[in-house]
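1. Kindly generate the corresponding structure for this input.
(2 chains)
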Amino acid sequence: MADENYETINTLSPIASFVHLSLGVMALILVSRAKEREWNERLAGYTISWILIFLGLQYLFVSVLEYRVTTRATGVYNNYGDEVFYTFLTYAQRSFECGYTIGLAVLPLVYPFPLIQRKSVAKILGISVLVLGMIMIPFDIFTEFSYRNVRNLPWLVGYVVWTAIYVRFLFGEMLKGESDSRNVSSVAALLLLAWNGKFFMFWLIQLSGQSNIYRGRFMVEDFIDQTRISGAAEVGLEAIMCASFLTLFLGEMWRAYKKGSSGIAYITGGLFGLGVIWYLLTLVYMDNITSCVERSCDLLSVAWINFYVVTFQSMLYIGVPLLVMYVMLKYNIVETDSGTGRIIGRTTGLLLILVTSSTLIELIQLILPVPEMITSAVFAAGVVAFIGWEEKFMSQLTSESKSISESIRMVATLPRFNIAESEYRFFSMSMMVLCVYAFVISYLFDVIGIHQ
Amino acid sequence: MGEENAMNDEENRGLVDTASDLFQIREANVAMAIFAVFTVIVCAINMQGWLSVEYHKGLDAITQKSWVIEFDKTTTSTEFQDVWQDEESRIVEFRMDDSALVPQAGYAVGMINITISPDTVDGANIADPVGQCDAISASVLVNELTAQWESERNVLSASDSSCEDIVLSIVVYPSYEGETLVVPGVNAYQVLQPWSSLGWGEGVLEVQVDLDVNTAEPGPLATDDDEEITITVEVFGFIAEASMQP
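-> Numbers count the residues shown, from 1 in each chain, chains lettered A, B, ... in the order given. The predicted model follows:
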């Protein structure tokens, strides 16, 4: 990395890559063993596993790029210079990002409340994944990633569908006394928080229009600036993201007021507070942030960068796998009840907690001058405590697991389909083909030298 | 509702049916309508802010334009006058923070001219009626003074024996010539950046002057064995101003 101001950015990416890949593969094994689960839960399990694998591969390429890059613009986004921009590494990183976007577009269609209730759902999703991938990945590379936010428009599906599901089942619980609806609304909320929590912390920046100021800065400092349409698409995405977060926040506050607080209420409350802090931080560093547009780009201050790493990047790299695996274990998507499944489930839990806690401690050390001896001792104490409680924690998590499909059936219609194993395999294979396609096409485009 | 809703097998449902399950609670639908309206309002306001203000600012900030850079110049100077004896070599120091030399506030030092003038005019005076001009050599000593010591435009030493002024010069500010320039750039700030550096022209200017008196008078009777020499140091300050080329 070129400047010491930015030395903490993406330091978590190698470990995030390892965590996402490991969890993705383990979740895939556990999902493939969970043959008794409902069709939408199995499809959700496969989709989430592949999303984790896509993210892991994306972060792997981010890590390699971080080692390779020697010059970098002042930006915090992946705006590496021309030395790596038109290479296989960048193409692959962005292609796997496309894979993640596609996965995120199809997941809300089946989970928690399936909008597609057809026997051929696995085929429909598999073909959709392949078609989207065939179009999106070459489009992204050909346009030199200058339509990044147009490419991200499929995220809208998640915001709209999960928010609608959350609202429907929250009101069902609060006004109609449908107690099982809470399971559905909490899964919708957790999925929204898992995939978008990193953006939700900028809700006030998005609401107040401050995000336009950042967009102006990024326009100047990006190696290839985003097009006008891409910027407009981002404005639209941010508006719906902000509305989605405020719906979630107000819903949880209402529920907390009426029924007592919950973990989701604490998380949304924390994100609400972070949003206010980010807004104030932007005001404080306004001169610094607008420098690119007004004068010439000054590096963002170290304090801004460190806060960005501790909040946004921690949520991005650590928060996502934590919340997603919680959903998978708590809501019975994967099979952890017996034999190998139980061992893999426990390994998953251990891996997740130990790796993420050690990473967070390292992160704190990067930012605060805490002696290594103290952080090592804290980490060791944490490990001992966790190992002591691990069995109880995991058994509590899995024994209290709830089936979302059953909760839905209490209040709405959900057909039981006996979908053939081959169709699940077809869906999983189509995700794998997308993965291979992303890799191969990135390599081919690099070899052909399409941008030279 | 309850268990009667559970369909036992294999019946496909269309999107309208599934959506109707999702929108079956009126109060939730009102909340969703508020969500939609709120989204549209926030989107419209921010879109207007982006497309009509910030996008244009950003575009302006990345579009290369031609800029005319003109230099407003000032000159400050000081003189040193003294008598050199025959074959005397002397180093005269001029502190650049001397109030007589410091350019006015905001101006940077562009270059320094040093003029060494002998007292003799037209090669003749009372002491030396034949009009033999003295040989004077002068040089600027390379030292810690922050200047472009390697510049090809510098004249760091010269000599004369024809009663002419000796003019030495040092380029102080990088690339400074004092002429109007046309340069590409995205905004005035960036094109003026190369002309906004601080710290140039700080230190002590050292001028070494050697005198070798030439006279027509016979040796022991010679009265012309010295020369009054004046060293004039002129500091050319500048401030750059940029305007977009029409």
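
2. Tabulate the CA atom coordinates of stretch B:75-86 in PDB.
-> Extracted in PDB, the C-alpha atoms of stretch B:75-86 (Å, rounded to 0.1, in the frame of the first residue of the first chain):
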ATOM      1  CA  THR B  75      11.600  43.400  -7.300                       C
ATOM      2  CA  THR B  76      13.400  44.100  -4.100                       C
ATOM      3  CA  SER B  77      17.100  45.000  -4.000                       C
ATOM      4  CA  THR B  78      20.000  46.000  -1.900                       C
ATOM      5  CA  GLU B  79      23.400  47.400  -2.500                       C
ATOM      6  CA  PHE B  80      26.800  46.800  -1.000                       C
ATOM      7  CA  GLN B  81      29.600  49.300  -1.800                       C
ATOM      8  CA  ASP B  82      33.200  49.100  -0.700                       C
ATOM      9  CA  VAL B  83      36.700  49.600  -1.900                       C
ATOM     10  CA  TRP B  84      38.700  46.500  -2.900                       C
ATOM     11  CA  GLN B  85      42.500  46.700  -2.800                       C
ATOM     12  CA  ASP B  86      44.600  45.400  -5.600                       C
END
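
3. Buried residues in that stretch, which are they?
-> Within stretch B:75-86, the residues scored as buried using 16 or more other C-beta atoms under 10 Å in any protein chain shown are B:Thr76, B:Trp84. C-beta coordinates here come from the backbone N, C-alpha and C atoms, glycine included.

4. next one: stretch A:283-292
-> Neighbour-count burial for stretch A:283-292 flags A:Tyr285, A:Asn288, A:Ile289, A:Thr290, A:Ser291, A:Cys292 (criterion: 16+ other C-beta under 10 Å).

5. Now, those that are in helices?
-> Within the buried residues of stretch A:283-292, residues falling in helices by DSSP state H are A:Asn288, A:Ile289, A:Ser291, A:Cys292.

6. Make JSON lines out of the residues you listed and add pLDDT and distance to A:Lys176.
-> As requested, these are exported to JSON lines (pLDDT from 0 to 100; distance: C-beta to C-beta, whole Å):
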{"residue": "A:Asn288", "pLDDT": "90", "distance to A:Lys176": "51"}
{"residue": "A:Ile289", "pLDDT": "91", "distance to A:Lys176": "47"}
{"residue": "A:Ser291", "pLDDT": "87", "distance to A:Lys176": "54"}
{"residue": "A:Cys292", "pLDDT": "84", "distance to A:Lys176": "52"}
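
7. what about A:Ala303, which SS state?
-> With DSSP: H, G, I helix; E, B strand; the rest coil as the basis, A:Ala303 sits in helix.

8. Just want the most central residue of chain B.
-> B:Trp195 (2.3 Å; C-alpha atoms, centre = their mean).

9. That one reaches B:Trp67, doesn't it?
-> No - at 11.3 Å, B:Trp195 and B:Trp67 do not qualify as touching, with contact defined as C-beta atoms under 8 Å.

10. looking at chain B, which helix or strand does the model trust least?
-> helix B:188-192 (a mean of 80; mean pLDDT, DSSP states H and E).

11. can you tell me if it touches chain A.
-> Yes - against chain A, helix B:188-192 shows contacts by C-beta under 8 Å from any C-beta of the partner chain at B:Tyr189, B:Gln190.

12. Sounds good, over and out.
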